[in-house]
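Participant: predicted model and sequence below, questions to follow.
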Amino acid sequence: MSRILVAGVASLAVHLAVDDFPIRYAPVVAPSWMETGPGGAGAQIASILRTLGDDVTLCSVVGSDPAGEIVRAQLRAADLDGPGIVEGWESSQAVVLVAPNGQRMVYPHLTTVNTVRYPEERFAEALDGADLAVLTNTDFVRSLLPAAVLRGVPIAVDVNVIADINEPYYQPWLDVADIIFCSHERLPCPAPQWIAQLLTRHPGAGMAAVGCGPRGCVLGLRDGRLVTVAATTPLGVRNTSSAGDSLFAAFLHGWLASGNPVDALGDAVLYAGWRIGHRRPTSVLLDSSELASLRLRYPARVSLGWWDKRE
């Protein structure tokens with residue numbers, strides 16, 4: 001069992017059906033379904049890791065408002081409402097629009113929690129004995145990056161829909177990361193080329209991965225290897241929200257448990273593919289034995305190459 005600190009947002013999220021993108025204006029629309037539940041990258045990653053069997057501390061900001069009462073109840077149910085949760089004056093919330101093909105558009109409202117300065121001493125206490133710090137790219141986490149570096153704790157980051165390797169906002173996270181994940185959705189070049197640029201630009205990173213949606217995931221390792229795992233969707237595709245968080249968290253669990261990034265990536269792609277087959281994927285989780293059983297039915301389809309262009 002690995003000891004992991006996760007710093008990031010815990011939100012109240014509303015998932016809402018839409019007919020298609022782009023959305024056509026109408027004064028009133030009755031959706032075919034709407035569900036409310038847990039959201040936020042920090043809480044999602046922590047919940048996945050906890051259910052897979054890791055010892056997880058979540059550092060987050062939850063408001064004292066009615067939405068915060070619901071979020072705290074959700075965290076208690078997931079055994080994540082610990083000393084790392086600090087109180088703000090208003091909670092983060094999100095609306096997720098979901099089309100029939102599973103495509104999603106997320107409206108996260110994080111302004112209020114990002115005005116809170118997370119107490120660095122509490123973060124430092126939570127870091128004690130951690131095998132890994134998962135530091136999401138929300139504003140209140142930025143000031144916590146130096147503490148993780150100074151204590152020598154490996155850092156994993158997901159820079160989500162980054163589009164420019166020089167984008168100033170993401171540089172503090174990229175500069176300290178040992179493991180980097182992101183989405184393919186806004187990349188200016190193919191995933192292998194992006195990985196090569198990242199690992200060349202940031203020599204402290206040991207691996208970088210790009211989640212490629214229906215094309216699975218591509219992972220580059222510091223030794224030059226490039227690992228591609230094809231997508232698997234055992235239940236079809238109903239809602240792709242949280243796919244990136246699922247991929248990221250499941251990979252970290254598998255890599256810490258086995259030390260084998262290839263096997264970890266296979267499990268991560270399967271986990272994410274299974275989760276997006278649910279109407280509200282943030283409400284469903286797999287434990288390690290359930291993931292192992294799923295793996296037997298849906299073995300990973302892996303191909304290997306090199307990101308550094310060697311022959």
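Facilitator: Thanks, I have it.

Participant: ok, the closest residue to Ala43 other than its chain neighbours to Gly277 distance?
Facilitator: Leaving aside its sequence neighbours, Ala43 sits nearest to Ala10 (C-beta to C-beta, 6 or more residues apart in numbering; 3.7 Å). C-beta here means a position set from N, CA and C on the backbone, and glycine is covered the same way. Computed as C-beta to C-beta, to the nearest Å, the Ala10 to Gly277 distance reads 24 Å.

Participant: more neighbours: those two, which one.
Facilitator: Ala10 (31 against 16; other C-beta atoms under 10 Å).

Participant: correct me, but the more buried one touches Ala67?
Facilitator: No - applying C-beta atoms under 8 Å, one finds Ala10 not in contact with Ala67, separated by 10.6 Å.

Participant: for Ile276, the count of nearby residues, please.
Facilitator: By the criterion of other C-beta under 10 Å, Ile276 has 23 neighbours.

Participant: who's in contact with it?
Facilitator: Neighbouring residues of Ile276 by C-beta atoms under 8 Å, 6 or more residues apart in numbering: 102, 233, 237-243, 246.

Participant: any idea how far the residue nearest to Ala43 lies from Ile4?
Facilitator: Taking C-beta to C-beta, one finds Ala10 at 16 Å from Ile4.

Participant: which of the contacts of Ile276 are buried?
Facilitator: Buried members of the contacts of Ile276, scored by 16 or more other C-beta atoms under 10 Å, are 102, 233, 237-243, 246.

Participant: now pLDDT and distance to Gln44 too, for those, in JSON lines please.
Facilitator: As requested, the buried ones among the contacts of Ile276 are exported to JSON lines (pLDDT from 0 to 100; distance: C-beta to C-beta, whole Å):
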{"residue": "Gly102", "pLDDT": "93", "distance to Gln44": "17"}
{"residue": "Thr233", "pLDDT": "96", "distance to Gln44": "19"}
{"residue": "Val237", "pLDDT": "96", "distance to Gln44": "18"}
{"residue": "Arg238", "pLDDT": "95", "distance to Gln44": "17"}
{"residue": "Asn239", "pLDDT": "95", "distance to Gln44": "13"}
{"residue": "Thr240", "pLDDT": "95", "distance to Gln44": "13"}
{"residue": "Ser241", "pLDDT": "91", "distance to Gln44": "10"}
{"residue": "Ser242", "pLDDT": "90", "distance to Gln44": "5"}
{"residue": "Ala243", "pLDDT": "95", "distance to Gln44": "11"}
{"residue": "Ser246", "pLDDT": "97", "distance to Gln44": "8"}
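
Participant: in helices, which of those appear?
Facilitator: 243, 246 (DSSP state H).

Participant: with the buried ones among the contacts of Ile276 in mind, which one is nearest to Ala191?
Facilitator: For these, the residue nearest Ala191 by C-beta to C-beta is Ala243; the value is 15.4 Å.

Participant: how close does that closest one get to Thr233?
Facilitator: To Thr233, Ala243 is 10 Å away according to C-beta to C-beta.

Participant: with adjacent residues omitted, what lies nearest to Gly53?
Facilitator: Gly53 sits nearest to Ser288 (C-beta to C-beta, 6+ apart), 5.1 Å away.

Participant: what sits against the one you found?
Facilitator: Going by C-beta under 8 Å, 6+ apart, Ser288 touches 52-53, 253.

Participant: can you pull out the strands in the stretch 101-250 of the chain?
Facilitator: 104-109, 132-135, 155-158, 179-183, 207-211, 217-221, 225-229 (DSSP state E, counting those that start in this stretch).

Participant: looking at those, which is nearest to Ser47?
Facilitator: strand 132-135 (12.3 Å).

Participant: check which helices and strands the closest one sits against.
Facilitator: Contacting strand 132-135 under the criterion 3 or more C-beta pairs under 8 Å, 6 or more residues apart in numbering; DSSP states H and E are the following elements: strand 3-7, helix 145-150, strand 155-158, helix 243-258.
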